[in-house]
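# Any chance you could fold what I've pasted below:
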Amino acid sequence: MPSLTVMRTSDRDVRHRQVILSLDGAPLATLMFGQQATATVAPGRHALRAYNTLVWKTIEFDVVEDQDVTFQIVNRPGRFTYILVTLLGVGPIYVDIERA
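Okay, the predicted model is just below:
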């Protein structure tokens, strides 16, 4: 049976805020930096959604029999995040989903 692994280990990650994952509309995991989650998936088309309680991103992907799929989730700063954090104490953090 195919598997899906989602990691949150990128050096580009801001290393704070949780990322809540769902697969095909069902809860999958909540990842903090350094964590990963693995699930068995059926062959076919799937949708992975990542939500950091501020923004969300969804990616659709296909799985074939005996294929293991891996994604890297990155909670990354925006262009002006650090300026806004300095001025206001808060700033936007965006979510990237990259196939590994």
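
# Which stretches in the chain count as helices?
All helices of the chain, identified by DSSP state H, fall at 81-88.

# Identify each buried residue in the lengthiest strand in the chain, please.
In the chain, taking DSSP state E as the definition, the longest strand is strand 68-77. The neighbour-count check on strand 68-77 (16 or more other Cβ atoms under 10 Å) flags Val69, Phe71, Gln72, Ile73, Val74, Asn75, Pro77 as buried. From N, CA and C alone the C-beta is placed, and that goes for glycine too.

# cool, stretch 35-43 as well?
Going by 16+ other Cβ under 10 Å, stretch 35-43 has these buried residues: Ala37, Val41.

# Could you export that stretch as PDB, keeping only the C-alpha atoms?
Provided in PDB are the C-alpha atoms of stretch 35-43 (Å, rounded to 0.1, in the frame of the first residue of the first chain):
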ATOM      1  CA  GLN A  35       8.400  16.600  13.200                       C
ATOM      2  CA  GLN A  36       7.000  14.400  10.500                       C
ATOM      3  CA  ALA A  37       3.900  12.300  10.000                       C
ATOM      4  CA  THR A  38       3.300   9.200   7.800                       C
ATOM      5  CA  ALA A  39       0.000   7.700   6.700                       C
ATOM      6  CA  THR A  40      -1.100   4.900   4.400                       C
ATOM      7  CA  VAL A  41      -3.000   6.200   1.300                       C
ATOM      8  CA  ALA A  42      -4.900   4.500  -1.400                       C
ATOM      9  CA  PRO A  43      -3.800   4.900  -5.100                       C
END
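
# Next, give me the two most distant ones among the buried residues of strand 68-77.
Maximum pairwise distance in the buried residues of strand 68-77, criterion Cβ to Cβ, is 27.0 Å, between Val69 and Pro77.
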